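show me the folded form of this:
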Amino acid sequence: MARLADIDPAGIQTRLLIGGRWVDGAGGGELAVINPYNGAEICKIAEAREEDVDRAVAAAQAAAPGWARLAAHERGRLLLKLADAIEADKDYLARLEATNTGHPVRDCQNLDVPRTVLCFRYFGGMADKLEGAVIPVDAGFLNYVEREPIGVVGQIVPWNFPLMFVSWKLGPALAAGNTVVMKPSEITPLSTLRIGELIKDVGFPDGVVNIVPGYGGTAGQRIADHPHIGKISFTGSTAVGRSIVRASAGNLKKVQLELGGKGPNIVFEDAVIPAAVGGSAFGIFHNQGQACIAASRLILHEKVADAFLEKFINLARSIRLGDPLDTETEMGPLTSRLHHERVLSFVEVARQEGGEILLGGKTPDRDDLRNGFFIEPTVVRADPSHRVQQEEVFGPFVSVTTFRNDEEALAIANGTAYGLGSGLWTQDLARAHRFAKRLHAGMVWINSYKRVHPASPFGGVGESGYGREMGFEAMREYTQPKSVWINVDAPIPPFYPR
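Sure thing, here's the model as predicted:
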């Protein structure tokens, strides 16, 4: 066992970042931040309410003209400096993220922090690569289209991957010349506030980034309906996404939604079973299954189902649960007590509908885990029509069904309202391409699962939302086109000849 040192609460940033200053909330409220490993309070942070969002928007408005006029390569330079600062702070950030979220620290060290650095570096390099276009139009006219920043954007970050999602949202928004009002989740705000400290340290102008942790019903609602925010980017549940769309109607702000998922993961009879077992386990059990792109539906060809499940269940049973700060821990606790209760409730739902619990479905019976929000890796055999196959559980909970032929597999895979991530395991190249085209999803992984990269667009269709994070698509999300017409030498005949 190699347990890393606890975070010193005295060194944690606990206030709001507004206009370049760390300030208390106007209402004086505080939010208790809980360690999901033991249920103990880590610290209290300032709670942002409507008045604080208004102050943050005003600061972002004041900073917007100067930030948009700043040379693109200078914006990129600051993003690259931020990436360097995060990399230098990686050990502290990994421990902070593990403590606040329950992610195993090995995952924070090897995935979350490096992906955050890579994303800021990608958009730091992208800042001066945003090009317009010249359009062939009528003779004698020059028509060009340039892309302009939207202005002030609101960003709402979820609790499941707070550090990584901060980079997904801030990177393209800042590179494109926007200023930001960001609301991290009230459950997991600590790494976002730490990024705010690094933003100040590397020299971003005051007001370019403002951080206002608070509840969704107050701070989040005010961001969604604020008349001076031109765009909102939200990652979270489909139900909240709908409410944001309604709130955005006041000023018709641009909306980008990355919502729920119910990822189908299809294993064909010709799959390389060891690779499929390992990749499928990562797809559902990484981060305790708390991922919108989790491979939460195993769809197995009946010829390989038994052999696959035997290996898959044995692997799931061997996953090491424990203290997130222990470098040998492979699965930590769920991030909150309320969510722990919600995931466990689906086990009872599965039983009521006639599902078969093949593994797990309960809190582990260990003294060292008793006070944490742990759930054992859970495997449930269920009919495709059951709730556990249709609704997002968002935990270490995978439902299993079988199929006989390709058309049946496709029907099951496309048989939910969601359309975010999906995967398939096969050695048949023609089948792989057919399924990639026909799967109702924004992303398809073939012989892998849950791969992401800052250069590749991330997002969904259907009730998984619209718009894209990352890649050049994200730069377009944070800009708007302007068409400019210039009469070079075209005669203008009189429209009303006299």
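
only C-alpha atoms for contact and neighbour calcs from this point on.
Will do.

contacting residues for Gly102?
If you count contacts by CA atoms under 8 Å, 6 or more residues apart in numbering, Gly102 has them with 35-37, 324, 332-335.

if we take those, which one ends up nearest to His286?
Gly332 (9.5 Å; CA to CA).

so the closest one sits against Pro377, correct?
No. Using CA atoms under 8 Å, Gly332 is not in contact with Pro377, being 10.9 Å away.

what about the nearest residue to Arg468 once chain neighbours are set aside, how many neighbours?
With sequence-adjacent residues excluded and distances taken as CA to CA, 6 or more residues apart in numbering, Arg468 is closest to Gly459, at 4.9 Å. Residues lying near Gly459 (other CA atoms under 10 Å) number 23.

Gly459 is in contact with Met470, isn't it?
No. Counting by CA under 8 Å, Gly459 stays clear of Met470, with 9.0 Å between them.

distance check, Met475 against Val240.
Relative to Val240, Met475 is positioned 24 Å away (CA to CA, to the nearest Å).

got it, and Asp91?
34 Å.

do the same with Leu410
Leu410 sits 29 Å away from Val240, going by CA to CA.

figure out the helix or strand that Asp383 lives in.
Assigned by DSSP states H and E, Asp383 belongs to neither a helix nor a strand.

okay, the closest residue to it other than its chain neighbours and Gln390: tell me how far apart.
Spatial nearest neighbour of Asp383, excluding adjacent residues (CA to CA, 6+ apart): Thr401 at 6.4 Å. Thr401 sits 12 Å away from Gln390, going by CA to CA.

swap in Ala219?
Per CA to CA, Ala219 is found 31 Å from Gln390.

just after the lengthiest helix in the chain, pick out the following helix or strand.
Of all segments of type helix in the chain, defined using DSSP state H, the longest is helix 50-69. Next along the chain after helix 50-69, taking DSSP H and E as the criterion, comes helix 72-88.

what does the helix or strand just after that next one contact?
Per DSSP H and E, the first helix or strand lying C-terminal to helix 72-88 is helix 90-101. Helix 90-101 is touched from outside by 4-7, 33-37, 42, 86, 103-105, 108-109, 112-113, 159-160, 163, 188, 190-191, 194, 324-325, 334-335, with contacts defined as CA under 8 Å, 6+ apart.

among these, which lie within strands?
33-34, 42 (DSSP state E).

just the strands in the stretch 351-498 of the chain please.
356-359, 378-381, 397-403, 421-425, 443-446, 465-466, 479-487 (DSSP state E, counting those that start in this stretch).

buried residues, the fifth one. List them.
So the one you mean is strand 443-446. Of the residues in strand 443-446, 443-446 count as buried by neighbour count, 16 or more other CA atoms under 10 Å.

which of those sits closest to Ala436?
Of all these, Val444 has the smallest distance to Ala436: 6.1 Å, by CA to CA.

confidence score at the closest residue in space to that closest one that isn't next to it in sequence?
Counting by CA to CA, 6+ apart, Ser422 is the residue found nearest to Val444 once chain neighbours are left out, at 4.9 Å. The model reports Ser422 with a pLDDT of 98.

distance check, Ser422 against His433.
Ser422 sits 13 Å away from His433, going by CA to CA.

who's more crowded, the two?
Taking neighbours as other CA under 10 Å, Ser422 and His433 compare with Ser422 leading, 31 against 11.

quick one: Leu177 from Phe123, how far?
Wrong residue type there; residue 177 is Gly, not Leu. Using CA to CA, Gly177 is found at 12 Å from Phe123.

got the domain ranges for this structure?
Here the domain parsing of the chain from automatic domain parsing is 9-259+460-483, 264-446.

let's have those in a markdown table, adding distance to Ile492.
As requested, these are exported to a markdown table (distance: least, CA to CA, whole Å):
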| stretch | distance to Ile492 |
| --- | --- |
| domain 9-259+460-483 | 10 |
| domain 264-446 | 47 |
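
to His453, which of those domains lies closest?
Closest approach to His453 among the domains of the chain is made by domain 9-259+460-483 (7.8 Å; CA to CA).

hmm, who's touching stretch 300-315?
Counting by CA under 8 Å, 6+ apart, 266-269, 273, 277-278, 281, 359, 379, 400-405 sit against stretch 300-315.

what does stretch 348-366 give?
Contacts of stretch 348-366 (CA under 8 Å, 6+ apart): 313, 317, 344, 347, 370, 373-383, 386-388, 397.

repeat that with 10 Å
The contact list for stretch 348-366 (CA atoms under 10 Å, 6 or more residues apart in numbering) reads 309, 313-314, 316-317, 321-322, 333, 340, 343-347, 369-370, 372-383, 385-389, 396-400.

surely Ala239 and Leu259 touch.
Yes. Contact status for Ala239 versus Leu259: in contact at 8.7 Å, counting by CA atoms under 10 Å.

so between those two, which is more surrounded?
Taking neighbours as other CA under 10 Å, Ala239 and Leu259 compare with Leu259 leading, 27 against 11.

I'd say that one and Gly241 touch.
Yes. Here Leu259 lies in contact with Gly241, judged by CA under 10 Å, at a distance of 6.9 Å.

neighbours of Arg498, just the number please.
For Arg498, the number of neighbouring residues by other CA under 10 Å comes to 4.

so how far is Ile492 from it?
15 Å.

wouldn't His433 be in contact with Ile446 here?
Yes. The criterion here is CA under 10 Å, and His433 meets it with Ile446 at 9.1 Å.

so Met475 and Val240 - more neighbours on which side?
Per other CA under 10 Å, whichever of Met475 and Val240 has more neighbours is Met475, with 26 against 17.

show the model's pLDDT score for that one.
Confidence score, pLDDT, at Met475: 96.

what pLDDT does the closest residue to it other than its chain neighbours get?
In space, and not counting its chain neighbours, Met475 is closest to Pro172: 5.4 Å by CA to CA, 6+ apart. The model reports Pro172 with a pLDDT of 98.

just give me the residue closest to the centre of this protein.
Nearest to the geometric centre of the chain sits Phe165, at 4.9 Å (CA atoms, centre = their mean).

now the helix or strand hosting that residue - C-alpha only, CSV.
Assigned by DSSP H and E, Phe165 falls within helix 162-175. Output of helix 162-175 as CSV, limited to C-alpha atoms (Å, rounded to 0.1, in the frame of the first residue of the first chain):
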residue,chain,number,x,y,z
PRO,A,162,-14.6,18.4,-12.6
LEU,A,163,-11.0,19.0,-13.4
MET,A,164,-11.1,17.6,-16.9
PHE,A,165,-14.4,19.3,-17.8
VAL,A,166,-13.0,22.7,-16.8
SER,A,167,-10.4,22.3,-19.5
TRP,A,168,-12.9,21.1,-22.1
LYS,A,169,-15.0,24.2,-21.5
LEU,A,170,-12.5,26.9,-20.7
GLY,A,171,-10.0,25.9,-23.4
PRO,A,172,-12.1,26.6,-26.6
ALA,A,173,-14.0,29.5,-25.0
LEU,A,174,-10.9,31.5,-24.1
ALA,A,175,-9.0,30.6,-27.2
